[in-house]
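Student: next come a sequence and a model predicted from it.
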Amino acid sequence: MYYDYVVIMSSAKRAAVTEAPTTLGPQAKGEHVFGVAHVFASFNDTFIHITDLSGRETLVRVTGGMKVKADRDESSPYAAMMAAQDAAARAKELGITAVHVKLRATGGTRSKTPGPGAQSALRSLARSGLKIGRIEDVTPIPTDSTRRKCGRRGRRL
């Protein structure tokens with residue numbers, strides 16, 4: 001069944017359908033607009049992921065691998081510094097003026113110490129003009145974990 005007529009709306013209804021202007025970034029306006037910088041520093045790569053305070057909406061996500069060509073340099077302090085500078089610049093464009101930092105290593109049954117890029121990423125975030133609120137270590141540490149790989153006698157080289 002096909003209909004061959006057109007519905008004509010009155011001008012009053014047409015005027016009522018207007019789009020609200022969309023704004024990216026935080027809604028709050030105050031002295032400092034906070035975000036959360038999730039820094040994941042493993043021994044293979046460094047991720048800088050800036051979200052809003054709830055952690056649900058991603059504002060910026062940059063990795064060390066996006067900044068260098070060689071695979072071996074992804075976790076280097078230089079790559080982490082470049083990634084943090086880029087993330088901070090983008091966050092400032094979106095209106096973030098301060099961040100709480102959540103630093104994370106691989107954790108679990110693997111290494112619980114942050115990789116080489118953690119310190120330089122943190123320093124770079126601070127020097128880029130973002131205020132640092134709280135620094136928290138959120139590495140997952142098992143209370144009683146599954147068996148680690150490598151067997152009873154460990155990895156033999």
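Tutor: Yep, that arrived.

Student: pLDDT weak spots in the chain?
Tutor: 1-30 (pLDDT under 70).

Student: for it, what spans make up the helices?
Tutor: 11-16, 77-93, 117-127 (DSSP state H).

Student: dump the ones you listed into CSV; add mean neighbour count and distance to M66 as well.
Tutor: C-beta: built from backbone N, CA, C; applies to glycine. Converted to CSV, those look like this (neighbours: other Cβ atoms under 10 Å; distance: least, Cβ to Cβ, whole Å):
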stretch, mean neighbour count, distance to M66
helix 11-16, 8, 45
helix 77-93, 21, 7
helix 117-127, 21, 13
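
Student: with distance to T146 as added columns, please give these in a markdown table.
Tutor: Output for these, formatted as a markdown table (distance: least, Cβ to Cβ, whole Å):
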| stretch | distance to T146 |
| --- | --- |
| helix 11-16 | 59 |
| helix 77-93 | 30 |
| helix 117-127 | 25 |
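
Student: tell me where this structure has strands.
Tutor: Assigned by DSSP state E, the chain shows strands spanning 34-41, 46-51, 58-63, 98-104, 131-137.

Student: for M81, find the nearest of these.
Tutor: With Cβ to Cβ as the criterion, M81 lies closest to strand 46-51 of those, at 9.3 Å.

Student: re the thing from before, Throw the strands of the chain into CSV and include mean neighbour count, thanks.
Tutor: Output for the strands of the chain, formatted as CSV (neighbours: other Cβ atoms under 10 Å):
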stretch, mean neighbour count
strand 34-41, 24
strand 46-51, 24
strand 58-63, 18
strand 98-104, 20
strand 131-137, 13
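
Student: which one of these lies closest to G115?
Tutor: strand 34-41 (4.0 Å).

Student: tilt between the closest one and strand 46-51?
Tutor: Strand 34-41 runs at 160 degrees relative to strand 46-51, counting by axes from the mean of the first three to the mean of the last three Cα atoms, to 10 degrees.

Student: note down every partner strand of strand 34-41 and its orientation.
Tutor: Applying DSSP bridges to the sheet, strand 34-41 is found paired with strand 46-51 (antiparallel), strand 98-104 (parallel).

Student: how distant is the first one from the center of its chain?
Tutor: So that's strand 46-51. 3 Å (Cα atoms, centre = their mean, to the nearest Å).

Student: on that earlier part again, who wins for proximity to T139 among the helices of the chain?
Tutor: Of all the helices of the chain, helix 117-127 sits nearest to T139, with 10.5 Å by Cβ to Cβ.
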